[in-house]
Structure formats: structure tokens, C-alpha cells
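Asks: requesting a structural model of the entry that follows:
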Amino acid sequence: MLGVVIYHLKASWLPGGFAGVDVFFVLSGFFITGLLRREVERTGTVDLIAFWARRARRLLPASLLVLVVTVIAGRLMTNPLEAHRIARDGIFSTIFGMNWHEAASGLAYGQDPDPSAFQHYWSLAVEEQFYLAWPLLMLALALLWRRRPALAPRRTLPLIAVGGGVLSFTLAFHQTVGNQPYAYYGTFGRVWQLALGGLLAAGIAWSEALPLWVRSCGRVAGLGVILGFYGFGPSASEYPGWWSLLPALGAALIVVAGEPGTRPDPAARLLGTRLGQLGGRYSYSWYLWHWAPLVLLPVALDRPLRIRELGWCAIGTLLAAVLTYHLLEDPLRRNRWLAIRHGGRSLAFGGALMAVALGVSVWTSSAEQHAAEDVRIVADGYRTLAPQPADAAAEKSQLSIDGCQLPMTSTAAAPDCRYLPDSGHGDLILVGDSHAGAAFPAVQKAAQDNRWGLRAWARTSCPFADIHKAGPGGGDYVSCNRWRADVIKRLIAARPSLVIITNYASSGLHVTDPHTHKGATQKRAHELFQAGMERSLTRLRDAGLRVLLIGDVPAFTRAAPDCVLAHRDDLAACSLPQPEALPDGGSDQKAAVNVPGVRVLDLTDRFCRGARCYQVVGGLLAYRDTSHLTTAMSLSLTDDVAAAVRTALT
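Replies: Residues are numbered from 1 along each chain as shown. Okay, here's the model as predicted:
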């Protein structure tokens, strides 16, 4: 797990280190399948209670200890909203469901600006689900083998592993492009790695006949492939796909090499050193401990960790891992009292630990949610801040709720969502990404007040600019390109009185450079965005349509509700210099200026003053996260929007 730890400390130090989990899955599939196969061949069945009891003693004490400590630390070190989220994720982690919770977030691995303190428990969840399901399948197969001796384990297990593995890899490959979070976190997209290990366990006997020099070369090659991937692997957001074959096959080569012989074997010597053995011994506990400080400390300190602090985190969590192993893991794993009575005591003990962890997480989640709701922050010169942080964080886009803002994973065309009828005074169509959803309350109120018709077509993370946006899998956001082309055609055919466009154009643009086919630097991304927006706007203007561009609002590095909770006595701290909040001066507005006839509504002055941009504007909490406006802030812009629309319609 050293690769994973280094990657989490700083991804640029070991770009492919996240694949250490893939290596672990292959090895786990090999060891567990081999153990179960030998038990079936020896006894004709699988002792489920004994198997699960061993896993409970081995895995649960350390993982649940770290879980409870993390939940408590979250409460002490962060604000009530963040503590509530940490405890909520502790619930998913306790019941072995963190991988599905992360997949449902819709964010690619490593792309979440506010990652969970339990994000790393996703791989533990996959492993525990495997430990629950695989013995049951092996027991069913044992019953079949007992009735039909011709279907021996050594004959049928490889077929099952190959069949399941091919289906799983096919699913993961296709999901990497269209639904990457599920490909990365989902159990079904990871089965093939476990199945690969199972295949090796089912047919490992043949490898023993290979010459020692062949196995030695295979071990060196396997280790080289893994280390090479660690050093030069792709972005985790482009993973798994074809790339995932490399670390998995590297692990398979090491497994096939088997025990080292008498010939010189450099890879075996490296893996068999005292340091390597200690690394294997403490890897599980270190994996559990290492991540939470990297999430909690920046929140508590209100700044990123420095290099020296990252080093101390690594050393401190390693020491915690050593203590956990010697004081908890190993003693409980060897405890005879827990192991007797067919494992029943171990399962009862594990269940009790889970109940405690679940109770702590549920109670903390509820208590911190109520604490966040009870906070009443007073803005300077106003009786209270509106909305309050908990209310702001809970807001969702009305367009998204109505199904009029398509999610990234959808391949559907934009639904024709009409909110107000065309009464002859003017008909508006609002288009854009999730920032169009954030602007919708102001546009809808302005349309109601002026008896304008209103339709809305939006798609999450899909800018109206004609660019190659990075999609959920890190590659081209193909469904966005199709949606944009379809919307432009429909706008030209519909010929509304006015097209209103607004989308994300601030910091952190994930744009693919069409020349290099790689992610563009931020400066280059803004250049590409501006050029792409000019192309899209020109198409509409060439078709004779009136267009109003609502310039993007400032974006921040920290969610506004969390920031004001952390700085309730100094709300001005929730601000950024204008060049950071609006880099490049607004590439969307620059594009609009270059297209004759396009009207622009620049709202910068409503958020920024004195060269700084603020998350609290007057008595309003302006954002529900880092860049999406609250409903209250959006409605406060109604007069600005109405005036701009009236001007654009003339």
C-alpha cells in the first residue's frame, strides 16, 4: 500500500500509485480462492462461520477503531456541516457500502474538491463484499461438485473465473467512458481483478513446472510493470479502462512466479527483505490511518498542508499503524477465546464492534446536523445571515429536481421544459450547465414579472462553449458535445425572442487540448474556452437570434457554508482576490464582446469590491458550495437580469 500512501500525500510524486489497490485485489483473489479451494477439496464443503470469523478478527477491529477515531476527530476539528458529512460517511463505511456511496457522488476519483475522510474505505468495502459473496458461491459449487464429481474444482473454477472476469472487465471498460465513478468504485467493475487472482489460484500448479529462470524473469517483469505504472501511470480520472490491465497483470506475474528458488532472483530479494516484510505486516493499518489526517488537517488549519507537514503525517500514521498492529490487530487475530466455538464468538464480537461504530456515527451525524441547523450567524449590519449554512448546503437546483438539468451520466437529449407560456410579450430560453440552474430563480422571477415565456435546457458540467470538455472518465465528454450540437439546432429551429446563456467559466476548467489530446493548462483552457464560446455564439447570431450572456460569477476553493461556519466572527475571511476567483477576467465575457450583437450582463460588481470577491454579499450567503448561487442570492439579481433582458429584446 506504499504506492497508495505516497499518491495520497501528493499525487505528482507517484502519479499511478493509486493502482496499489488493484494489485491488492489480485492478490486477495488469489489467496482467498486458494484457501477456499483447498478447503473444498479437503472437506467437500465450506465452513462459512469459520471463514467469516477469521475475516472479522482480522479486519474489523482496526477498521472500526480508525472509523470511530475519525468520526470523533471530525467533530473536534471541523465545523458541524463537515462533521455531519464525515459521520454520515462513517455509516456507509461501517456497513461495507462506501464504494457505492462514492460512485453515486458522480465524481471521478481524485476530482472531488472536498473528499470524504472515509474515501479510502471504498476498497475495503469491495473487499468485504467479496468476502461475503465468494464463500457462498464456493459453497454452492461444492454442493454441485459433490453431486457431479466430474465437475472438479480444478476444471470448473477457471471457467467461472474467466467468464466472470471477462464480463466484469467489459463492464468496467464501457463505464470508464460513460460512467467512470461506477467503473472505478463499483464492485462489479472490480470483480475481474479478484477473478484474475482466483484464476491463478485455480491453476497455479502448472506454473510450478516452469523453469526457475522463467519464473524469476516473470517476477522481475511483474514488479517492473507495477513500479513503472506507479511512476508514469495515467490520471485516476481516466481509470480503469485498458490501463487497469497493467498493474493487474504485473501482480499476476509475481503470483505465477511462486516461491523463489536457489538461483539469484533480484525481485524476490527485494520483496523478501526485512523492510518489505514489515511493510506487508503494517500495510493494512497504515492504509486505514493515513488518509483522514490529509483531509481533516487542511480543514482545521484552513490551508493546504506543507511538504514537511505531509511528511509528518506519513510518519505519524505509520507509528499509529505499528501500535494498532501490535496492540490490537495481532492479539485479537490470535485470541483463542474468540476463535473457539466454531467462530461464533468472533462473529458476535465483530457484530458488537460494528454496532458501536454504527451508533457513534449515527448519533454524531444527527447531532452535528442539528448543530448546523441551530447555528445563527449574524452578518454585519443585518439581523441574520440568509440562508443559514445548513439550509444553503441542502439546496438543490430546481432544474435538476425537475429533470431539466441532465446529469453527466445521461445520454438523453435535452427535454423541452417550459416553465412559463409564451403570451406574446417575449419568449426566453435559458441554456447552459449547472450555473444556468443556479441562475434560474432570477431568470424565472424576471420572466414572471414581465410576462415573458420561459423554457430551460441545461446539462451538468457541459458548457455551451464549443470545446472538448473532459468527461466523467477523463476523456472527451462525448454526450456533452452531442447535447450542445442538438441544442444549437433546436434553438435555431425554435427561434425564441431571446437566448440566455450562462455557464461555468471561472477557475479549474477541465478542458482537453485538441492538439495534444491532453488536459490543457488553465491559461490554455481559458483560451480554448473563449474561442469555443465565440464559435457557439457566432452560430446563433448568424441564424439571426438575439443572445444575452450572463457572465459567470466568481468561484472559490472552499464551500461557502463550511467557510462561514469556520469564520462566523469574521465573514470577510470567506473571500479571495479577484484574479483567483475570476481568472483571465472572464473568458466567456471576452468571447461575447468579440461577437457583434451579443449582449452581456456582468455581475462581478455584485460579488467583488476592492479587488476581492466575497461569499457573503450584504446579508446573503451567496453560494451553496464553491460556485453555485443560493436561491436567495439568485433572486437578489432579478432586477439586474430583467433590465438586461429588456435591453436585449429591443
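
Asks: C-alpha from now on. contacts and neighbour counts both.
Replies: Fine.

Asks: so what's the closest residue to residue 627 other than its chain neighbours up against?
Replies: Sequence neighbours aside, residue 555 is the residue nearest to residue 627 in space, at 4.6 Å (criterion: C-alpha to C-alpha, 6 or more residues apart in numbering). Neighbour list for residue 555: 506, 507, 581, 582, 626, 627 [criterion: C-alpha atoms under 8 Å, 6 or more residues apart in numbering].

Asks: want to throw those into CSV with distance to residue 288?
Replies: As requested, these are exported to CSV (distance: C-alpha to C-alpha, whole Å):
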residue, distance to residue 288
506, 36
507, 33
581, 35
582, 38
626, 29
627, 32
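
Asks: assign the residue nearest to residue 627 to helix, strand or coil.
Replies: coil (DSSP: H, G, I helix; E, B strand; the rest coil).

Asks: could you measure from it over to residue 626?
Replies: Using C-alpha to C-alpha, to the nearest Å, one gets 6 Å for the distance from residue 555 to residue 626.

Asks: ok, residue 21 next?
Replies: Separation of residue 21 from residue 626 (C-alpha to C-alpha): 31 Å.

Asks: with adjacent residues omitted, what lies nearest to residue 349?
Replies: Residue 349's closest residue in space is residue 338 (C-alpha to C-alpha, 6+ apart), at 7.9 Å.

Asks: the one you found reaches residue 346, doesn't it?
Replies: Yes. Under the criterion of C-alpha atoms under 8 Å, residue 338 makes contact with residue 346 at 5.0 Å.

Asks: which of these two has more neighbours?
Replies: Taking residue 338 and residue 346 together and counting by other C-alpha atoms under 10 Å, residue 346 has the greater number of neighbours (27 against 20).

Asks: which of the helices or strands spans the more buried one?
Replies: Using DSSP states H and E, the secondary-structure element containing residue 346 is helix 344-374.

Asks: return the distance of that helix from the chain's centre.
Replies: Taking the mean C-alpha point of helix 344-374 and that of its whole chain, the gap between them comes to 24 Å (C-alpha atoms, centre = their mean, to the nearest Å).

Asks: so which other helices or strands are in contact with that helix?
Replies: Contact partners of helix 344-374 among helices and strands, from 3 or more C-alpha pairs under 8 Å, 6 or more residues apart in numbering; DSSP states H and E: helix 48-77, helix 80-94, helix 336-339, helix 389-394.

Asks: let me know which of these is tucked in deepest.
Replies: Mean neighbour count (mean count of other C-alpha atoms under 10 Å) peaks for helix 80-94 among the helices and strands packed on helix 344-374, with a mean of 25.

Asks: quick one: buried residues of the helix or strand just after that one?
Replies: Following helix 80-94 in sequence order, the next helix or strand is helix 98-104 (DSSP H and E). For helix 98-104, a neighbour-count test (16 or more other C-alpha atoms under 10 Å) marks 98, 99, 100, 101, 102, 103 as buried.

Asks: tell me how this protein divides into domains.
Replies: Recorded structural domains for the chain (assignment: automatic domain parsing) are 2-370, 397-555+585-608.
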